[in-house]
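Q: here's my sequence, what's the structure:
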Amino acid sequence: MPDHVETPQTRSPGSAEDVAAPRASRRPVKAVLFDFHGTLAQVEEPRRWVQTAAAACGVTLDRVRATSLADRLLTAGRAGGPLPARVPPRLAELWADRDLYAHAHRGAYTGLAETVDAGIEGFADALYERLLVADGWVPYPDTAPTLAALRDAGVRVAVVSNIGFDLRPLFDAWGLTGLIDAFVLSYEVGRCKPDPAIFLRACGLLGVDPEQTLMVGDTPADAGAVRAGCAVLVLPAADPGRDNGLGAVLDLALPA
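A: The predicted model follows:
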């Protein structure tokens, strides 16, 4: 045993040791990658989805029947909604490839909708068509202001989505296309999040190193960007039209 005990040295606030203490570094952000569904926009409210699709088929649904159908369709599996409780074996291959091929995406989700007997001819296709139009989505309140602020600051922006259809017409309809530098869609590039390759592809298109890029999303798949070298912000889920905290991107991406 030692024959004496040294008294621990205390430091006064503002001492040289405090000044020299290491601090966490903050990487400059030159680009932001955004997930689409659940991050920039949300699918329309379920009952409205069902009623509007039925109307396209020439059928008017009252509130009670529309609500019942919406609940059953959500359980079966809705694009942009909860994962299906069960995927029928005949749809398994389409389901596995849904974000890699446009035909698989449509086939998987119309097939799931057809498992619910609504008694409306063409209903499954009409439900799917709501995905393809801007009216079937609701951008979050901070989406346009956040994208505009990044554009004004010279920060490059890409939309990176696991999806089986083209998002560009939606952004055109919302007047947001001019705020996006690149769209990196899984069915076009043959890679799905969390594969680092899709994030690296986005960084390459923007001409920015991953270490200077922030990925913003709402699922663990979006957090896969860490494996590509990007920083990541994961937002909470929010209903259509509700604040999802997207404005926090500006606190991270823009200089103080």
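
Q: pLDDT weak spots in the stretch 1-150 of the chain?
A: 1-26 (pLDDT under 70).

Q: grab the nearest non-local neighbour of Leu127.
A: Distances taken as Cβ to Cβ, 6 or more residues apart in numbering put Ala53 closest to Leu127, at 4.5 Å, once the chain neighbours are dropped. Just so you know, the C-beta spots here come from the backbone N, C-alpha and C atoms, and that holds for glycine as well.

Q: tell me the contacts of Pro88?
A: By Cβ atoms under 8 Å, 6 or more residues apart in numbering, the residues touching Pro88 are 111-112, 115.

Q: let's have those residues in a markdown table, adding distance to Ala124 and secondary structure.
A: Shown next, in a markdown table, are these (distance: Cβ to Cβ, whole Å; DSSP: H, G, I helix; E, B strand; the rest coil):
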| residue | distance to Ala124 | secondary structure |
| --- | --- | --- |
| Gly111 | 8 | helix |
| Leu112 | 8 | helix |
| Thr115 | 9 | coil |
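
Q: pick out whichever of those residues sits closest to Gly136.
A: Leu112 (16.7 Å; Cβ to Cβ).

Q: ok, the closest one touching Thr75?
A: No: between Leu112 and Thr75 there is no contact under Cβ atoms under 8 Å: 9.7 Å.

Q: between those two, what contacts are shared?
A: With Cβ under 8 Å, 6+ apart as the test, Leu112 and Thr75 both reach Pro84.

Q: neighbour count for those two, which is higher?
A: For Leu112 versus Thr75, the count of surrounding residues by other Cβ atoms under 10 Å is larger for Leu112: 25 against 16.

Q: return the distance of the closest residue in space to that one that isn't next to it in sequence relative to Gln212.
A: Once flanking residues are discounted, Leu112 sits nearest to Gly77: 4.1 Å by Cβ to Cβ, 6+ apart. Counting by Cβ to Cβ, to the nearest Å, the gap from Gly77 to Gln212 is 38 Å.

Q: higher neighbour count, those two?
A: Comparing Gly77 with Gln212 by other Cβ under 10 Å, the one with more neighbours is Gly77, at 22 against 18.

Q: quick check, nearest of the contacts of Pro88 to Pro236?
A: Leu112 (26.2 Å).

Q: can you give me the helices for the chain?
A: 16-20, 46-56, 63-76, 92-96, 102-114, 123-129, 143-152, 168-174, 186-189, 196-206, 220-223, 248-253 (DSSP state H).

Q: quick revisit: so the residue nearest to Leu112 makes contact with Leu94?
A: No: using Cβ under 8 Å, Gly77 makes no contact with Leu94, being 11.6 Å away.

Q: ok, Gly136 - contacts?
A: 43-44, 49, 52, 129-130.

Q: hmm, I typed the wrong one, I wanted Ala79.
A: 43, 105, 109, 128, 131.

Q: repeat that for 7 Å
A: 109, 131 (Cβ atoms under 7 Å, 6 or more residues apart in numbering).

Q: do the one 4 residues further on as well
A: Under the criterion of Cβ under 7 Å, 6+ apart, the contact partners of Leu83 comprise Gly77.

Q: if I look at it, how far off is Cys57?
A: 26 Å.

Q: if I look at Leu94, how far off is Arg27?
A: Going from Leu94 to Arg27 by Cβ to Cβ gives 41 Å.

Q: neighbour count winner among the two?
A: Leu94 (21 against 13).

Q: quick one: that one and Arg106 touch, right?
A: No: the pair Leu94 / Arg106 is not scored as a contact, 8.8 Å apart, by Cβ atoms under 7 Å.

Q: next, the closest residue to Ala54 other than its chain neighbours: phi, psi?
A: Spatial nearest neighbour of Ala54, excluding adjacent residues (Cβ to Cβ, 6+ apart): Leu61 at 4.7 Å. When quoted as degrees, to the nearest 10, the phi and psi of Leu61 stand at phi -100, psi 130.
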